[in-house]
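# What would the 3D arrangement of this be:
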Amino acid sequence: MRRNRYIAPLVGVLGLIVAAAVSGCGSTTARKASAATSPACLPSTLDHSASLPGTDVDVSPEPETDTANPHTQISFLGTSVASISGVSVVGSQSGSHAGRVEAYSQGGGGSFVPDKPFDAGERVSVSAVLAGKRISFGFRIDTPYPTAGAAEFGNPRAAPADYESFDTMPGVQAPILSVTVPDHDPAAGDVLTTNGPGPGQYGPLIYTPQGQLVWFEKLPAGETAEDLNEQTYEGRRVLTWWRGRVLALGFGQGEDLVMSSSYRTIARIHGGNGLKADLHEFQIAPHDVAYITAYNPIRCNLQAVKGAADGAIVDTAIQEIDVKTGLVRWEWHSLDHVPAEQSETEAPKTTTPWDWFHLNSIDVEGGGSHQSGDLFISARSTWAGYQLEAGTGRILWRLGGLKSSFKMGPGTETAWQHDGRILADGDVTFFDDGSNPPIHSQSRAVRIALDFKTHEARLVSAFTHSNPPLLAASQGNMQTLSDGNTVVGYGGVPAISEYSSSGGLLFDANLPFDMSFYRAFRFPWSGRPQAPPAVVADLNNTAEETIVHMSWNGATGVSSWRVLAGKRAGALTAQATIHASGFESSTTLPRKYPRVAVQALDSAGRVLGTSATAKVTSYAASLPSSG
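A predicted model of the protein is given here:
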């Protein structure tokens, strides 16, 4: 039975400031859109497939799609690049397009990169010879909705009680992680998360389970960090995260980063085909392949779904990216495969883009490339998860929503959910927000078993936060650990909890509740920064003692600090060794010194890093400026 639709065109990633989002998105940018009828973009059929008949090749854009961007490449995946020849690309308005075929670093095909973009709304005809066989297909170019002037979420200053500052990191205001239930599972490791949008400084954050800051990279104004995670890249453990602009429309425009354990950026993944990498998902697969989300607002006549004739819609895409070359190996669009009528939100009567689907996770199965496994995705605005067939992109089955392939047992239906994953035993997990607007009384992390013989879904377990009860309007995730424990990040209500398989609370912590994070994870992290430790020193108010502050942003394994001091650089001697008491440690030397330096030591007393030599400043110079 169809549920009532919700008048929530912007139930995007961040339900924190819905009123502001609506007013911002429906303002200048939306009103500048043409009052003329928008192009048709809702497909008449949903039988699209990326596979070319009679071949083993998958192509992007999908044949007969209407959602190709004017800056699209044309991807041929499933053959050797040497077998691709005679490529002819002709736009119905722009004419013949010259270009070049560039190979994927993994092999298995290549992309035709046109020398110029296509025209909005035109039909493009493609023909080529693949392994001696002539093929042809066509697609239509969409009409992009401009987002350059779209509003972003506000970033007010955080309350002083919500952050900590450091002498060694001037200007940094790191959000405080408050631990309310001490850690009972130290093997689970550190806490990885982000802050924002909302109050406070933005950036990726790592904390110990005791709430001590390990690493914070403060971002410039106008940039947000999301989805800090630990993954494997080129055989080593790395940090991955997204940075960019978060629009009030409910998605991001930026890039995905891969960082080594020294916090050096070793790869940047940008969106392809004229789209920018979105914040919702970044998964690294084997062979230098990445899967990302990309949001594609386009003008669209929405009269067929009772919306505006001069409307716009937020189409969402999955891109399989060759990390080494930046080429798009494969692309999938929600509008090609899911009826817009299945959205739980109403199409707007205005030109504000309709966030009808809201793709928020991609789970890569069976080995990492789409040719070796299917993809499981979650769509917030349809309340459903979808299993996509490798290669073709066709939907194999749906879990939840208006057209579920399974009979949903008690407790299995989700609302506005995030972070769909399929576990090794076939069970499915979600973070079930249940809110924006509220459907459930509390947000939950759920595990659901699927019976493919009876086509029934059964609730295996559900975890909720009891003290206090939490209802997240947006964001959130569920991480299943190898020992069966479950980590839950509550997103818009920035708490992180760990539960045993029996439901016992093993760990509980939160950022200030007026802040937010997208996801939170636990991993054992080991970092050794490229930058040396930081040291700041000043004389006390009598000018007879030297106060020394020291830290090493991102370093793990620092057990103690050796403080060196003397009259000049190159002639410093050890004056004290102190226990590392937090992110920043401090001590007082009972003499006046002109120069100081520090050494970070491990538990065996080995030197991990040495700071530069710092000049000791006067007491007056160390005081905060009154201005």
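
# neighbouring strands for the helix or strand encompassing residue 101, and are they parallel or not?
For residue 101, the element it lies in under DSSP states H and E is strand 99-103. Here strand 99-103 is paired, per DSSP bridges, with strand 109-114 (antiparallel).

# tell me the angle of the helix or strand just after the partner strand relative to strand 109-114?
Heading C-terminal from strand 109-114, the first helix or strand you meet, by DSSP H and E, is strand 123-130. For strand 123-130 against strand 109-114, the angle by axes from the mean of the first three to the mean of the last three C-alpha atoms, to 10 degrees is 140 degrees.

# List the buried residues in strand 123-130.
Of all the residues in strand 123-130, those buried under the rule 16 or more other C-beta atoms under 10 Å are 123, 124, 126, 128, 130. C-beta: built from backbone N, CA, C; applies to glycine.

# Show me what it is in contact with.
Here strand 123-130 makes contact (C-beta atoms under 8 Å, 6 or more residues apart in numbering) with 52, 55, 57, 59, 68, 74, 76, 79, 83-92, 112, 118, 134-141.

# now swap in stretch 495-504 and tell me
Contacts for stretch 495-504 (C-beta under 8 Å, 6+ apart): 181, 183, 185, 188, 191, 193, 445, 461, 463, 465, 470, 481, 484-490, 505-511, 520, 522.

# wait, residue 565 sits on residue 573?
Yes - counting by C-beta atoms under 8 Å, residue 573 is a contact partner of residue 565 at 7.2 Å.

# Help me confirm that residue 112 comes into contact with residue 72.
No - if you go by C-beta under 8 Å, residue 112 and residue 72 don't touch, sitting 9.8 Å apart.

# Give me the more crowded residue out of the two.
Taking neighbours as other C-beta atoms under 10 Å, residue 112 and residue 72 compare with residue 72 leading, 27 against 21.

# on that earlier part again, mind checking which of residue 565 and residue 573 has more residues around it?
residue 565 (23 against 7).

# Count the neighbours of residue 55 for me.
Should you count by other C-beta under 10 Å, residue 55 turns out to have 15 residues around it.

# How much space separates the closest residue to it other than its chain neighbours from residue 52?
Of all residues not flanking residue 55 in the chain, residue 130 sits nearest, at 6.1 Å (C-beta to C-beta, 6 or more residues apart in numbering). According to C-beta to C-beta, to the nearest Å, residue 130 stands 8 Å off from residue 52.

# same thing with residue 172?
53 Å.

# before we move on, what about residue 503?
50 Å.

# Please say which of those two ends up with more neighbours.
residue 52 (20 against 11).

# What pLDDT does the model give that one?
You'll see residue 52 listed with a pLDDT of 96.

# got a list of what it touches?
Contacts of residue 52 by C-beta under 8 Å, 6+ apart are 58, 59, 63, 130, 135, 137.

# quick one, phi/psi of it?
For residue 52, the backbone dihedrals (degrees, to the nearest 10) come out as phi -80, psi 130.

# pLDDT below threshold where in the stretch 101-250 of the chain?
Within the stretch 101-250 of the chain, no stretch has pLDDT under 70.

# quick one, strands of it?
In the stretch 101-250 of the chain, the segments counted as strands under DSSP state E, counting those that start in this stretch are 109-114, 123-130, 133-140, 163-166, 169-175, 178-181, 190-195, 203-207, 213-216, 224-233, 236-246.

# mind putting these in CSV, distance to residue 310 included?
Below are these laid out as CSV (distance: least, C-beta to C-beta, whole Å):
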stretch, distance to residue 310
strand 109-114, 29
strand 123-130, 22
strand 133-140, 19
strand 163-166, 45
strand 169-175, 42
strand 178-181, 48
strand 190-195, 37
strand 203-207, 39
strand 213-216, 45
strand 224-233, 31
strand 236-246, 26
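
# ok, and which of those strands has the densest surroundings?
strand 190-195 (a mean of 27; mean count of other C-beta atoms under 10 Å).

# So which residues make contact with that strand?
Residues contacting strand 190-195 (C-beta under 8 Å, 6+ apart): 175, 177, 201-209, 214, 224-230, 239, 241, 489, 494, 496, 509, 511, 515-525.

# switch to 7 Å and redo it
Here strand 190-195 makes contact (C-beta atoms under 7 Å, 6 or more residues apart in numbering) with 175, 177, 201-209, 214, 225-226, 228-230, 489, 496, 509, 511, 515, 517-518, 520-525.

# quick revisit: Provide a PyMOL selection command restricted to the buried entries of the contacts of stretch 495-504.
The buried residues among the contacts of stretch 495-504 can be selected in PyMOL (16+ other C-beta under 10 Å) with this line:
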select buried, resi 183+185+188+191+193+445+461+463+465+470+481+485+486+487+488+489+490+505+506+507+508+509+510+511+520+522
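
# So which of the contacts of stretch 495-504 sit within strands?
Among the contacts of stretch 495-504, the members found in strands (DSSP state E) are 181, 191, 193, 445, 461, 463, 486-489, 505-510, 522.

# low-confidence ranges in the chain?
In the chain (pLDDT under 70), the answer is 1-4, 7-35, 367-372, 626-627.

# now do 80
Along the chain, the model assigns pLDDT under 80 to residues 1-35, 47, 366-372, 625-627.

# Please name the nearest non-neighbouring residue to residue 539.
Using C-beta to C-beta, 6+ apart, the closest residue to residue 539 is residue 619 (5.1 Å).

# what about residue 264, distance to residue 528?
11 Å.

# With neighbour numbers in mind, choose between those two.
Set residue 264 next to residue 528 and count neighbours by other C-beta under 10 Å: residue 528 wins out with 17 against 11.

# And for the residue nearest to that one when sequence neighbours are not counted, the neighbour number?
Nearest-residue entry for residue 528: residue 262, 5.7 Å, with adjacent residues in sequence omitted and distances by C-beta to C-beta, 6+ apart. Around residue 262 there are 12 other residues, counting by other C-beta under 10 Å.

# Look up phi and psi at residue 262.
phi -100, psi 10.

# Specify the beta-bridge partners of the closest residue in space to residue 414 that isn't next to it in sequence.
Nearest residue to residue 414, sequence neighbours excluded (C-beta to C-beta, 6+ apart): residue 432, at 4.2 Å. Per DSSP bridges, the residues bridged to residue 432 are residue 444.
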